[in-house]
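Asks: next one to model:
(one chain, ligands or ions: 1)
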Amino acid sequence: MSPSASTKFKNPRAKYNFEGRPCSIVGVGSYVPAKVLTNQELEKMVDTTDEWITTRTGIKERRLAAKDEFTSDMAAKAALRAMKAAGVTGDQIDLVIVATITPDMVFPCTACLVQQKIGATRAAAFDLEAACSGFIYGLEIAQQFIMSRTYDTVLVIGAEKLSSIVDWQDRNTCVLFGDGAGAAVLQNRPNSHGLLTAIMGADGRRANLLHMPGGGSRCPATAESVAARQHFLRMEGKETFKYAVQAMQSGASEVLKRCEIDITKIKCVIPHQANRRIIDAVGERLGAKPDQLFINLDRYGNTSAASVAIALDEAVHSGRVNRGDLILLVVFGAGLTWGAAVIEW
Ligand SMILES: CC(C)(COP(=O)(O)OP(=O)(O)OC[C@H]1O[C@@H](n2cnc3c(N)ncnc32)[C@H](O)[C@@H]1OP(=O)(O)O)[C@@H](O)C(=O)NCCC(=O)NCCS
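Replies: This is a model prediction of the structure:
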């Protein structure tokens, strides 16, 4: 356990008889594409208003990747920034994990494309599909490899070009999503930012709430599937909202319990940036004060696996969190999946 962490916390793994070495987040970075799509511009595309989007979601604008800018491009840019912050070069990386539901193509995996773009020539690489929960799933997986001494340096990226699977004729969903990428480099580095614990959860009974019917083995692309708009994401908003609040609250409570701390000890809660009302409801249930909550969804909307990764980078670089502060990450996504993590920055 790093000296800074040991002054205040028990290693949450200890009570699970896990004697691994501790894991630190040694650098973070993010990238969002230049093009901004505002609510006012959406008013011209579908039957909606800035007022509706703002009051129901808190989103004002989102970023859209260029036609020739793909998930792997955004992932690589975020990764290079995280590597620079960590002082790590491509050849030091042992494993590249890309969490995404919008890979450049079904195969090969986007992580292999990123591995080539960032010169991580020695690294193993795979994609992780846990929708909006992917970045925290990635942190937990990276932590396992580092704690077990299998790998020394793991790069976890959340990256999405959601604009490529959003139905721009469906006002129920197209107002919610955006593109971007965030990344973190993890190592065992005493005196760095400790990942104290992370958890992952899933409930496949609710898989139908948020999904994309076309493009997989169940419904390969055909002229009919394209005409039926099956290659776009579909969502039951109200039900998703309900489960999001429940799952995020229970995930966050679980990691706080593991660390034997309460919410007052957390400097910054970084929730999945899906909907301002979800964030407020989760914050209220956890007993968090509004100024503990980190919000950037007004500028980016929901960027799925990239969401908390971008937010973590912004929280760090804007000075919202400082050395020694505790950060709570909590996410929720299609699957259904959820996750939470506590970091001592
Ligand atoms: C999608 C969401 C914002 C909708 O908010 P809501 O308060 O549940 O709104 P409803 O679905 O009840 O829709 C209310 C009305 O607004 C309409 N509406 C939906 N989208 C609209 C839009 N963009 N502009 C204007 N009206 C819209 C609906 O058609 C409905 O009209 P009706 O009453 O005439 O049928 C909300 O349910 C939500 O955020 N859910 C969770 C989504 C999420 O986080 N997904 C990602 C998880 S990782």
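Asks: show the backbone phi and psi for A183.
Replies: phi -140, psi 160 (degrees, to the nearest 10).
Asks: now do the same contact list for it.
Replies: A183 is in contact with 28-30, 75, 78-79, 81-82, 155-158, 309, 313, counting by C-beta atoms under 8 Å, 6 or more residues apart in numbering. All C-beta atoms are positioned from the backbone trio N, CA, C, and that covers glycine.
Asks: equivalent analysis for A184, please.
Replies: Here A184 is in contact with 25, 27-28, 82, 135, 139, 155-156, 309, 312 (C-beta under 8 Å, 6+ apart).
Asks: just the residues you listed: which are in helices?
Replies: 82, 135, 139, 309, 312 (DSSP state H).
Asks: wait, doesn't the second one sit right on V330?
Replies: No - contact between F135 and V330 fails when scored by C-beta atoms under 8 Å: they sit 11.4 Å apart.
Asks: and for the two, which residues touch both?
Replies: Overlap of the contact sets of F135 and V330 (by C-beta under 8 Å, 6+ apart) consists of V308.
Asks: more crowded one of the two?
Replies: Neighbours were tallied for F135 and for V330 using other C-beta atoms under 10 Å; the higher tally belongs to F135 (35 against 31).
Asks: how about the residues of the protein by the ligand?
Replies: Listed as neighbours of the ligand in the chain under the rule C-beta under 6 Å from any ligand atom: 48, 52-53, 56-57, 132, 171-172, 175, 210, 235, 237-238, 240-241, 244, 274-275, 278, 302, 332-333.
Asks: try 5 Å this time
Replies: Those residues of the chain that sit near the ligand, judged by C-beta under 5 Å from any ligand atom, are 48, 52, 56-57, 132, 171-172, 175, 237-238, 240-241, 274-275, 333.
Asks: quick one on the thing from earlier: okay, the contacts of A184 in TSV with distance to L95 and pLDDT next?
Replies: Listed next are the contacts of A184 as TSV, based on distance: C-beta to C-beta, whole Å; pLDDT from 0 to 100:
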residue	distance to L95	pLDDT
I25	15	95
G27	15	96
V28	17	97
A82	14	98
F135	15	98
L139	13	96
L155	7	98
V156	9	98
A309	16	98
L312	19	98
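Asks: between those, which is nearest D179?
Replies: Closest approach to D179 among the contacts of A184 (C-beta to C-beta): A309, at 13.1 Å.
Asks: ok, the closest one - contacts?
Replies: Taking C-beta under 8 Å, 6+ apart, we find A309 in contact with 28, 30, 78, 135, 156-158, 181-184.
Asks: looking at those residues, which are in strands?
Replies: Among the contacts of A309, the ones falling in strands (DSSP state E) are 28, 30, 156-158, 181-184.
Asks: what segments of the stretch 151-300 of the chain are helices?
Replies: Secondary structure of the stretch 151-300 of the chain, counting by DSSP state H, counting those that start in this stretch: helices at 171-174, 223-227, 237-259, 276-286, 297-300.
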